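[1] no sequence for this one, just the structure:
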């Protein structure tokens, strides 16, 4: 037993040991007798929110082109996979190696034009169609019969709306052109105004959800992934509002010492500055 511990300690302290070192670190953290109390208490449900958060932090680092930060965030995301597989192994569900084997098999099966005997000379559109056909076959094998089966419930709601509509469109349940989607948005916006004036809070909630859902569909028709577009809009708002704060600071003021009219004017000034920098 002592020899096992010595070997484990050697592995944990070997900076060049790669993934095996990380797996051993996780095993030590989860050890019921000698591990970290917090790590021991975690399960799939409690770790899942951290997994989602880390994925978004990866996307954020990419958007900011912060490559050193991306390296760290990718490590954090990898840790989430190691965490889940450690829990799965403890419960006899799966292991890290079985997860690796599963995804490796899937990638080989989904790329017959690379790993098989199919022709590589395909358009991007044809490759996408082939990919979707293979995934449909996989879903059938899992007894997922409905068109919407397999769209994860745990996805961010805007992204899930996009994926649900994409699935429905594959079987013909879709508006034929963007104009009809825009008309539907106008209809839903009108219903929301009516809901604001005459309906209950529950009905307003429902009408607002309908409007956001159709907005996600418009993004799909335009070839725009709504989650990414909203993330970019959030970043733009943050950048511009920080610009407003900077201009207020030059005046010796803070936002709570200002008013909407002044801040709106400074907002326009920030936008003009951005345009000037691009020319």
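    Received it, and whenever you're ready, just let me know what you need. The model shown is predicted, which means the values in this text are computed figures rather than measured ones.
[2] use CA for all of it now, contacts and neighbours both
    OK.
[3] Just the endpoints, please. Distance across stretch 28-43?
    Distance between the two ends of stretch 28-43: 16 Å, counting by Cα to Cα, to the nearest Å.
[4] Can you list the neighbours in contact with that stretch?
    Applying Cα atoms under 8 Å, 6 or more residues apart in numbering, the external contacts of stretch 28-43 come out as 84, 87.
[5] How about residue 96: what's its closest non-neighbour residue?
    residue 85 (5.2 Å; Cα to Cα, 6 or more residues apart in numbering).
[6] That neighbour: neighbouring residues, count only.
    Using other Cα atoms under 10 Å, residue 85 is surrounded by 22 other residues.
[7] how about the helices of the stretch 51-200 of the chain, start to end?
    For the stretch 51-200 of the chain, helices defined by DSSP state H, counting those that start in this stretch occupy the ranges 67-90, 96-109, 112-115, 124-141, 157-170, 178-198.
[8] sorry, back to before: contact partners for the residue nearest to residue 96?
    Contacts of residue 85 by Cα under 8 Å, 6+ apart are 94, 95, 96, 99.
[9] picking that back up, save the helices of the stretch 51-200 of the chain as JSON lines, and put in mean pLDDT and distance to residue 46 too.
    JSON lines is the format used below for the helices of the stretch 51-200 of the chain (pLDDT from 0 to 100; distance: least, Cα to Cα, whole Å):
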{"stretch": "helix 67-90", "mean pLDDT": "97", "distance to residue 46": "10"}
{"stretch": "helix 96-109", "mean pLDDT": "94", "distance to residue 46": "19"}
{"stretch": "helix 112-115", "mean pLDDT": "86", "distance to residue 46": "38"}
{"stretch": "helix 124-141", "mean pLDDT": "71", "distance to residue 46": "28"}
{"stretch": "helix 157-170", "mean pLDDT": "90", "distance to residue 46": "19"}
{"stretch": "helix 178-198", "mean pLDDT": "90", "distance to residue 46": "36"}
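[10] just so I know, which of the ones you listed lies nearest residue 224?
    Nearest of the helices of the stretch 51-200 of the chain to residue 224, taken as Cα to Cα: helix 157-170 at 9.8 Å.
[11] May I see the buried residues of the closest one?
    For helix 157-170, the buried set under the neighbour-count rule, 16 or more other Cα atoms under 10 Å, comprises 158, 160, 161, 162, 163, 164, 165, 166, 167.
[12] swap in stretch 38-52?
    By neighbour count on 16+ other Cα under 10 Å, the buried set for stretch 38-52 is 39, 40, 48, 51.
[13] Now residue 17: closest residue in space that isn't a chain neighbour?
    Once flanking residues are discounted, residue 17 sits nearest to residue 11: 6.6 Å by Cα to Cα, 6+ apart.
[14] how many neighbours does the one you found have?
    19.
[15] give the contact list for it.
    Counting by Cα under 8 Å, 6+ apart, residue 11 touches 17, 20, 21, 24.
[16] Can you lay out those residues as JSON lines showing neighbour count and secondary structure?
    Converted to JSON lines, these look like this (neighbours: other Cα atoms under 10 Å; DSSP: H, G, I helix; E, B strand; the rest coil):
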{"residue": "17", "neighbour count": "12", "secondary structure": "coil"}
{"residue": "20", "neighbour count": "13", "secondary structure": "helix"}
{"residue": "21", "neighbour count": "19", "secondary structure": "helix"}
{"residue": "24", "neighbour count": "16", "secondary structure": "helix"}
